[in-house]
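Enquirer: Provide a 3D model corresponding to the input given below.
(chains A, B, C and D, ligands or ions: 6)
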Amino acid sequence: MSGNIAIELGPARFRNPVFLASGPAGYGTEYEELIDLERIGGVVTKTITLEPRAGNPGRRLWETQGGLLNSVGLENVGAERFFKDKLPALEDKGIGVIVSLAAEGWDDYEGLLGAADDSSAAAVEINLSCPNVERGGMAVGTDPELVARYVELARKRLPDRAIIAKLTPNVTDIVSLARSAEKAGADAVTAINTVLGMDLEGEDSRPVFRRVSAGLSGPAILPVALDAVWRITRSVDLPVFGVGGISSVDDAIKFFAAGAFAIQIGTAVFYDHTLPERIVEAFEQRGLPARN
Amino acid sequence: MSGNIAIELGPARFRNPVFLASGPAGYGTEYEELIDLERIGGVVTKTITLEPRAGNPGRRLWETQGGLLNSVGLENVGAERFFKDKLPALEDKGIGVIVSLAAEGWDDYEGLLGAADDSSAAAVEINLSCPNVERGGMAVGTDPELVARYVELARKRLPDRAIIAKLTPNVTDIVSLARSAEKAGADAVTAINTVLGMDLEGEDSRPVFRRVSAGLSGPAILPVALDAVWRITRSVDLPVFGVGGISSVDDAIKFFAAGAFAIQIGTAVFYDHTLPERIVEAFEQRGLPARN
Amino acid sequence: MIDPGKGHFQAVVSRRESLSPSCVLLSIERPRDFPEARPGHFVSIRVAHSIEPLLRRPYSIMDLTGSELVLLVKVIGKGSALLAGREPGDELDIIGPLGGTVFPEPEGGEAVMVAGGTGLAPVLFAARAWRNANLHLVYGASCAEEILESIVREGFASTHFATLDGSLGYHGDAVSLCAELVNGGKVGGSYLYSCGPKGMVSALEAGLGKRFTEHYTSLETIMACGVGACRGCTVPTRGEKSPAYRSICADGTVFRAREIAWEDWNDR
Amino acid sequence: MIDPGKGHFQAVVSRRESLSPSCVLLSIERPRDFPEARPGHFVSIRVAHSIEPLLRRPYSIMDLTGSELVLLVKVIGKGSALLAGREPGDELDIIGPLGGTVFPEPEGGEAVMVAGGTGLAPVLFAARAWRNANLHLVYGASCAEEILESIVREGFASTHFATLDGSLGYHGDAVSLCAELVNGGKVGGSYLYSCGPKGMVSALEAGLGKRFTEHYTSLETIMACGVGACRGCTVPTRGEKSPAYRSICADGTVFRAREIAWEDWNDR
Ligand SMILES: Cc1cc2nc3c(=O)[nH]c(=O)nc-3n(C[C@H](O)[C@H](O)[C@H](O)COP(=O)(O)OP(=O)(O)OC[C@H]3O[C@@H](n4cnc5c(N)ncnc54)[C@H](O)[C@@H]3O)c2cc1C
Ligand SMILES: Cc1cc2nc3c(=O)[nH]c(=O)nc-3n(C[C@H](O)[C@H](O)[C@H](O)COP(=O)(O)OP(=O)(O)OC[C@H]3O[C@@H](n4cnc5c(N)ncnc54)[C@H](O)[C@@H]3O)c2cc1C
Ligand SMILES: Cc1cc2nc3c(=O)[nH]c(=O)nc-3n(C[C@H](O)[C@H](O)[C@H](O)COP(=O)(O)O)c2cc1C
Ligand SMILES: Cc1cc2nc3c(=O)[nH]c(=O)nc-3n(C[C@H](O)[C@H](O)[C@H](O)COP(=O)(O)O)c2cc1C
Ligand code: FES
Ligand code: FES
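Expert: Ligands and ions are numbered 1, 2, ... in the order given. Predicted coordinates for the structure are as follows:
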C-alpha cells in the first residue's frame, strides 16, 4: 500500500481519482452487484436535464472496429426525480458522486442549476458536449463564448460546489474551450466526450442511426483523448478529468502521464467491469502515476 | 462484368474510383510488385512540397488499438525531382495519378503551382490538412478563408487541371471547409486526412513522438470519415473522395452509400495490399455501389 | 422485477454440439454460486479478450441445471462465430443471470409458445421449468436443417414446425402456422409466449394477440451494458407518456406484447 | 540495391520449436516461387486477420533452403506472441523477401559477427551462406537460457557467448566481449557485421568500428509498409544534407554503421 490516493476538487473529496463516466455509469446503482462502487473514486451520473427526456428513437448502439457509436440522446428521468430518488440513494451508500447536468436552453439551465443548488451534490459536471441532441449539448459546447457563459452561470448559482466543464473533441481547438471554462471559473474540465461518427449497414447501406451522426467511444478514440488532455494541460492550469478509450491499467497511467488529474471510464466498463477496481488496486499499490 | 466503372473529374479520367491514398501510396512505384496499379483507379502520390523535405526526426509510426499514428512530416523529394523523375515513370506505365501538393507558405505555393503547371499532371490534390508539420498543412486547412485562398490560387494557376482539396477532420465544421473549396472553384474535395492523436510509452510514459501530436488513421477512424463524407455530400455539390479506415469491400461500399464519388485507401494497404484490387473486382462485377 | 442477483464468472465449456449449419449447442459447467435463473433471463459473454469484437454478447439461458448452463448459439457475425467455436475445456467470461422480467407461468395450465430461430432457447427453458403445464410449441425456421428437432424433446403437449422453404412441416412462417392451429382449435390456452425476430412477434401480436389473455414475449436487440445503465437497448412502449422507452436488458427481456409500440420500434 | 523481387504468399508452418522462455524457431514450408533471399532480407507477416494487431510484423530471414523458410521469433507483445504460437499446419500470410541491401560477403575471408538477442537471425543466415568464410561469432543475451546455443551450429571459426547476468560465458555485454576478443587478437578480420539492439550496435561502432575496414549492420525499427512507400521506418544518416533519412525497409536493412547518425537516432 502506497497510502493515500484521495483527491480533492474544491469542496469535494473522493477516495481516489478513478470514476465511471457519465452515461455508461447510469444512475450509479445499475452496476452495484458487479462493481464495488465504494472502492472507486465515484460515478459521474448519467446526464440529467431539467425535464425528463425519453431519448432518441430507433437504434441507439452500434459497434465499430475498436469503438462504439451511441445515439442515446440523453434519456433521463429529469432533475426532480434524480435529486429526489437517485442521488440520495448513492450518497447514503457512501458512493462518490459527480452529477452531470445538461441544459436544453438558457431558461431551463437556470432551473437545472437551481435544482442542483437545492441538492446535496458536491460536484457537478456540465455536459457541454453531447453530440446526440438537437439543442444544447454540442451546439453550445463548440463555441468558447457560450462555454464561458454556461460555466459562469453555474459558478454564480453554485458558488460552493465543484464545477467541471465537459468538453467536446469535435472542435478545431479544444484548448480554447478549456481556457474559456477556466476564465469563467470552472474548477476542472473533463476531456473528452464522444467523437462524431456514423456508420451504415445492410444491403441498402442505410445509416445505422436515425440522426445519422452519433458519438464514438472506446479504444479507437484513446489517442484523440490523450492528445486533448495533453494539449489542455500544457495550456491551462485547471485539473483535467481524462476520459476516452481507457481499457487497461496502462491506459489509465497514460492519462496521468499526459497530465490528467483523474480519469473516467466509460465503454470499457461494458466489457470489462473489473477494470475500474483493478486500476484503483494498482494505484493503491504503486501510488498515483506520475504526471507530466 | 457490369461494364464501365470509369470516372471523370474535370479533364482527368480514371479507370475506376479506387485509389491509394497520399502517403501510404509513396511515389506509386514502391507497391508495384504487390499491387497491379493499372487495375485500380490510380495513386495519389505522396505529398510534395516545393523544396525537398527531410521529414520529422525520431519515431514516425506507432500502432494504437485499431489505428496507426504517424508523424512522417511530409518527407519528400521536392517538386523538381518529383516532376522530373517520379511522375513520368508512373505516366509511362499507364498508372492513374493524382499529384498531392502542400504549400509551406504563400510564396513557395506559387512556385509549387508553377511546377505543377509545367508538368503533365491532370489532377492535383492540395493537402490542406497534414497535422505533422509546423507551417502550412493543418494550420491553413482549419481556416475556411485560407482554404478558399489556397484553392483559388490553384484554380487560377491550373485552370485546366482537376483540383481536389484535401480536408482535415480536426475542425468544428468540416462542411464549411468544403463549402470554401467549392466556392473557390475546386473540382472535388477529399475527406479525411488523419485525426489528431497521441500516445505515450514506456515505464516513464513519455510521448511516443517528438512532436507529441500525430495523425491517426486506420479502422479506428472509419466512423469519423464516413460522417464527414455524409455531411459534406448533404451540403455541397462537389464530388467527394472518401478516405479513412477503409479495410474491406463492405467499407468501400459504405463510403459510396455515404455519398462519396471515389475512395482512397491508406493504412489498410500496409496489412492487406490485395484490398484495392478486390474492391475493383467487386465493383466490376456488381457495378459501382449506389450513392445516397 | 425479478433480479436474480447477477455475478461475474469464469466458466468452463463442457460440451459443444453442432446442431445445424448455423447453430451450436454450448454446455457450460455451472459455476459455483451461479444464481438461479428463470426463462427470459440471459447471460452476457466476453467472447474475445481483444477489441474485436469489443462488447459482450448476450445469450438467452436455454437451460440451467445443478451442473450445467446451456446456450444455443447461432453464427451471425464475428462474435457469435468465436463463441460457437469454443471447445470443451475453454473458459468463458460471463456475467449473469441478467434481465429483470421473466416468462410468468401460464394460468390454466395450457399455453401456446411460438419460437422463431434461436428464439427457441428461452421457450425450451420455460417448457423445462413448467413440467406440469400443457404447452404447444410452434416453431419456425428457414429450412429443415435449421429446425433443431433434436433439442425439442420433452415437455410439450404438441409440437408444430414451419419452414419458409417447406422442407419440413408447414410451408410458411411460424405465425401463419400458429394462426391455422389456433383457428383450427388444434392448440389453445389463455397464454401465448413468443421469442423470435421482431417481425414474427409483432405479426403474432397483431394477428393473434387478442385471442389470448396474455401474450408475453422475450425481446432482443443490440446491448452494451446488459444491466440497465447505458439506456442503449430500449424498446418503445405504449403508455401515458409517449414515447416511453424501456430497456430490454433490465426492464425485460419479457414484456407484454401489447405494451410494445411495435409501429415505432425499428432499428433506424 | 538488391531487390529480390517481392511476392505475397500463403505459407504453411512446418515446425515450431521452443528454444528458450522467450524464443521460438518457426519453420515454414517455402512457398513455390518464393524468391531467393540473402542475409539482411526479411519477410513481413500478417499475424492475425483482425485489427489487433493491425500491421504486419517484420522478421529477418534466418534461413532459406529449397524447402524451408526459417524464422526466429521472440515474444515481445501481442503480435509476436500470436506468431510464436503458430502450430505446424497453420497458414501464414507473408510478403517478402523485403529489403534493398544485404550483408556483403567479407573480403579476405575472415570476419567478426556480433549478434544481440534475435539479431542472431540474419547473422546465422549469413554464416550459412558463406560457407567458405572464417567467421567468428560474438553473441550476447540476457542470460544462459536466452543464448540459443542449439541453433548456433555450423560454419563458425569460433563462437563466443556473453550474458548480462554471467550465467553463461562472458559476464557482460556482447560489445565488451567483442572488444576483449579483438584486443586480445582472439578474433579478427577486416569486416565486422552486427545485428542487435540499437545501443549495442552504436556502442560497437563507437568502440571498434575503426578497427575494421567495414562494419555492416542490419537495422530494425517499427515498420508499416515494408516496401519504402510510407517513409515511416527511417534512420538518420550522415551525408552532405543533414538530416538525411533513409528507410530501413527499402534502403536497408543493411547499412555501413559509420553512415548512421547514431546520436540523432532515437525513438523519440
Ligand atoms: C437478450 C438476448 C438474448 C439472445 N439470445 C440469443 C440466443 O439464445 N441465441 C443466439 O444465437 N443469439 C441470441 N441473441 C442474439 C445474439 O446476441 C447476437 O446474435 C450476437 O450478439 C451477434 O454477435 P456477432 O458478433 O456474431 O454479430 P455482429 O457482427 O455484432 O452483428 C451481425 C449483425 O447482426 C445484428 N445483430 C447483432 N446483435 C443483434 C441483436 N442482439 N439483435 C438484433 N440484431 C443483432 C447486427 O445488426 C449486425 O447486422 C440474443 C440477444 C439478446 C439481446
Ligand atoms: C527488419 C526487421 C527484422 C526483424 N527481425 C526479427 C527477428 O528475426 N526476430 C524477432 O523476434 N524480431 C524481429 N524483429 C522485431 C519484430 O518485428 C518485433 O519484435 C515485433 O514486430 C513486435 O511485435 P509485437 O506485436 O509483439 O509487439 P508490439 O506490441 O507491437 O510492441 C511491443 C514493444 O516493442 C517495441 N517494438 C515493436 N516492434 C519493434 C521493432 N521492430 N523495433 C523496435 N522496437 C519494436 C514497441 O515499441 C513496443 O514498445 C525485426 C524487426 C525488423 C524491423
Ligand atoms: C452509451 C453511452 C452514453 C453516454 N452518455 C453520456 C452522457 O449522458 N453524458 C456525458 O457527458 N457523456 C456521455 N457519454 C460519453 C462518456 O461519458 C465518455 O465521455 C465517452 O464515452 C468516452 O469515454 P470511453 O471511451 O471510456 O467510453 C456516453 C457514452 C456512451 C458510450
Ligand atoms: C504513414 C502515413 C503517411 C501519410 N502521408 C500523407 C501525405 O503525405 N499526404 C496526405 O495528404 N495524407 C497523408 N496521409 C493520410 C492518408 O492519405 C489518409 O488521409 C489517412 O491515412 C486516412 O486514411 P486511412 O485510414 O485509409 O489510412 C498519411 C497517412 C499515413 C498513415
Ligand atoms: S444494454 Fe445498457 S441499458 Fe440495456
Ligand atoms: S516501413 Fe514504410 S518506408 Fe519502411
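
Enquirer: and the one helix or strand residue A:223 maps to, which residues are buried?
Expert: Remark: residue A:223 resides in helix A:222-235, with elements defined by DSSP states H and E. For helix A:222-235, burial by neighbour count (16 or more other CB atoms under 10 Å in any protein chain shown) applies to A:222, A:223, A:224, A:225, A:226, A:227, A:228, A:229, A:230, A:231, A:232, A:233. Backbone N, C-alpha and C define where each C-beta goes, glycine included.

Enquirer: who's in contact with residue 207?
Expert: In the absence of a named chain, chain A is used. Contacts for residue A:207 (CB atoms under 8 Å, 6 or more residues apart in numbering or on different chains) come out as A:198, A:199, A:200, B:230, C:268.

Enquirer: wrong one, chain C
Expert: C:175, C:179.

Enquirer: Which element, helix or strand, includes it?
Expert: Residue C:207 is located in helix C:198-208, with elements delineated by DSSP H and E.

Enquirer: mind saving the C-alpha coords of that helix as PDB?
Expert: Extracted C-alpha coordinates of helix C:198-208, given in PDB (Å, rounded to 0.1, in the frame of the first residue of the first chain):
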ATOM      1  CA  LYS C 198     -39.200  -8.700 -34.300                       C
ATOM      2  CA  GLY C 199     -41.300  -9.200 -37.400                       C
ATOM      3  CA  MET C 200     -42.500 -12.500 -36.200                       C
ATOM      4  CA  VAL C 201     -43.500 -11.300 -32.800                       C
ATOM      5  CA  SER C 202     -45.300  -8.200 -34.000                       C
ATOM      6  CA  ALA C 203     -47.200 -10.100 -36.600                       C
ATOM      7  CA  LEU C 204     -48.100 -12.700 -34.000                       C
ATOM      8  CA  GLU C 205     -49.400  -9.900 -31.700                       C
ATOM      9  CA  ALA C 206     -51.300  -8.200 -34.500                       C
ATOM     10  CA  GLY C 207     -52.900 -11.500 -35.700                       C
ATOM     11  CA  LEU C 208     -53.500 -13.500 -32.600                       C
END
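
Enquirer: check whether stretch A:51-61 contacts ligand 1.
Expert: No: Stretch A:51-61 does not reach ligand 1 (CB under 6 Å from any ligand atom); its nearest approach is 8.2 Å.

Enquirer: Below-threshold pLDDT in the chain: ranges please.
Expert: This is for chain A. Where chain A drops to pLDDT under 70, the residues are A:1-3, A:132-138.

Enquirer: that answer is for a different chain, and I need it for chain C
Expert: Within chain C, the ranges that satisfy pLDDT under 70 run C:1-4, C:268.

Enquirer: residue ranges of the helices in the stretch 151-292 of chain A, please?
Expert: Secondary structure of the stretch 151-292 of chain A, counting by DSSP state H, counting those that start in this stretch: helices at A:174-183, A:222-235, A:249-257, A:267-271, A:275-286.

Enquirer: Columns distance to residue C:150 on top of those, output as CSV?
Expert: Listed next are these as CSV, based on distance: least, CB to CB, whole Å:
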stretch, distance to residue C:150
helix A:174-183, 58
helix A:222-235, 46
helix A:249-257, 46
helix A:267-271, 33
helix A:275-286, 40
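
Enquirer: Which one of those helices lies nearest to ligand 5?
Expert: Ligand 5 lies closest to helix A:267-271 among these, at 7.7 Å (CB to the nearest ligand atom).

Enquirer: Could you confirm whether any residue of that closest one contacts chain C?
Expert: Yes: judged by CB under 8 Å from any CB of the partner chain, helix A:267-271 comes into contact with chain C through A:267, A:269, A:270, A:271.

Enquirer: Closest one to ligand 2 out of those, please.
Expert: Set against ligand 2, the nearest of the residues of helix A:267-271 next to chain C by CB to the nearest ligand atom is residue A:271 (20.5 Å).

Enquirer: distance of residue C:27 from ligand 2?
Expert: Using CB to the nearest ligand atom, to the nearest Å, residue C:27 is found at 35 Å from ligand 2.

Enquirer: Kindly apply the preceding question to residue A:277 instead.
Expert: Distance from residue A:277 to ligand 2, by CB to the nearest ligand atom: 25 Å.

Enquirer: Enumerate every residue touching the closest residue to that residue other than its chain neighbours.
Expert: In space, residue A:277 comes closest to residue A:39 once its chain neighbours are excluded; the distance is 5.3 Å by CB to CB, 6 or more residues apart in numbering or on different chains. Contact analysis of residue A:39 by CB under 8 Å, 6+ apart lists A:15, A:276, A:277, A:280.

Enquirer: Please spell out which residues along the longest strand belonging to chain C are buried.
Expert: The residue-count maximum for a strand in chain C (DSSP state E) belongs to strand C:7-18. Neighbour counts using 16+ other CB under 10 Å place C:9, C:11, C:13, C:14, C:16 of strand C:7-18 among the buried residues.

Enquirer: what's the answer for stretch C:237-252, then?
Expert: C:237, C:243, C:244, C:245, C:246, C:247, C:248, C:249, C:250, C:251, C:252.

Enquirer: Just grab the bridge partners of residue C:10 for me.
Expert: residue C:93 (DSSP bridges).

Enquirer: And it, how close does it get to residue C:46?
Expert: Going from residue C:10 to residue C:46 by CB to CB, to the nearest Å gives 10 Å.

Enquirer: shared neighbours of the two, anything?
Expert: With CB under 8 Å, 6+ apart as the test, residue C:10 and residue C:46 both reach C:92, C:93, C:94.

Enquirer: between these, which has the most around it?
Expert: Greatest neighbour count in those, by other CB atoms under 10 Å in any protein chain shown, goes to residue C:94: 23 neighbours.

Enquirer: Report how many residues lie close to the closest residue to residue A:237 other than its chain neighbours.
Expert: Nearest non-adjacent residue to residue A:237, counting by CB to CB, 6+ apart: residue A:182, 6.8 Å away. Residues near residue A:182, counting by other CB under 10 Å, number 20.

Enquirer: Can you name the residues that contact residue A:182?
Expert: Neighbouring residues of residue A:182 by CB under 8 Å, 6+ apart: A:189, A:236, A:237, A:238.
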